[in-house]
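In: The amino acid sequence is not available; the structure is as follows:
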Ligand SMILES: [Zn+2]
């Protein structure tokens, strides 16, 4: 099991609430404790600041807000590890895109499972999970 039913529900609700912006966040685990950390998508601010470097806005990309990145670093120092990194897709399917792959590889976070929720016309559709496979050199869909 990658997500508990209540985590799945919270992630899907956040995706709907933040539509038509991509939502993002993480699930951390420490022993038997689990913690969902919804993050703010700062992509619009980045795009406004530097559209050359950040050509996409929050409808097609996410950028975890600096304050949330600090919180992530704190949690890691407290012994929490990232189990899941999630985001949503706006009006397209719940696939792991080439951009998602590039970002994941660049971040170096290959142990967490990546969860993508598709939101179409404001309604949550599929939520899918993807895990890095060194054998395939690719993210492959996994059970969530
Ligand atoms: Zn994506």
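Out: Arrived safely, thanks for sending. Since this is a predicted model, take the numbers as computed values, not measurements. Numbering: from 1, shown residues only.

In: Run through the residues that contact the closest residue to residue 124 other than its chain neighbours.
Out: Leaving aside its chain neighbours, residue 124 sits nearest to residue 12 (4.4 Å; criterion: CB to CB, 6 or more residues apart in numbering). C-beta here means a position set from N, CA and C on the backbone, and glycine is covered the same way. Residue 12 makes contacts with 117, 124, 127, as judged by CB atoms under 8 Å, 6 or more residues apart in numbering.

In: buried stuff in the one helix or strand residue 12 maps to?
Out: Per DSSP states H and E, residue 12 falls inside helix 5-18. For helix 5-18, burial by neighbour count (16 or more other CB atoms under 10 Å) applies to 7-8, 10-12, 14-15, 18.

In: where along the protein do the helices fall?
Out: With DSSP state H as the criterion, the chain has helices at 5-18, 43-49, 66-77, 98-107.

In: From residue 108, how far off is residue 138?
Out: 17 Å (CB to CB, to the nearest Å).

In: partner residues bridging the residue nearest to the spatial centre of the chain?
Out: Against the mean C-alpha coordinate of the chain, by CA atoms, centre = their mean, the closest residue is residue 86 at 2.3 Å. On the basis of DSSP bridges, residue 86 is bridged to residue 25, residue 115.

In: wait, doesn't it sit right on residue 112?
Out: No. If you go by CB atoms under 8 Å, residue 86 and residue 112 don't touch, sitting 9.4 Å apart.
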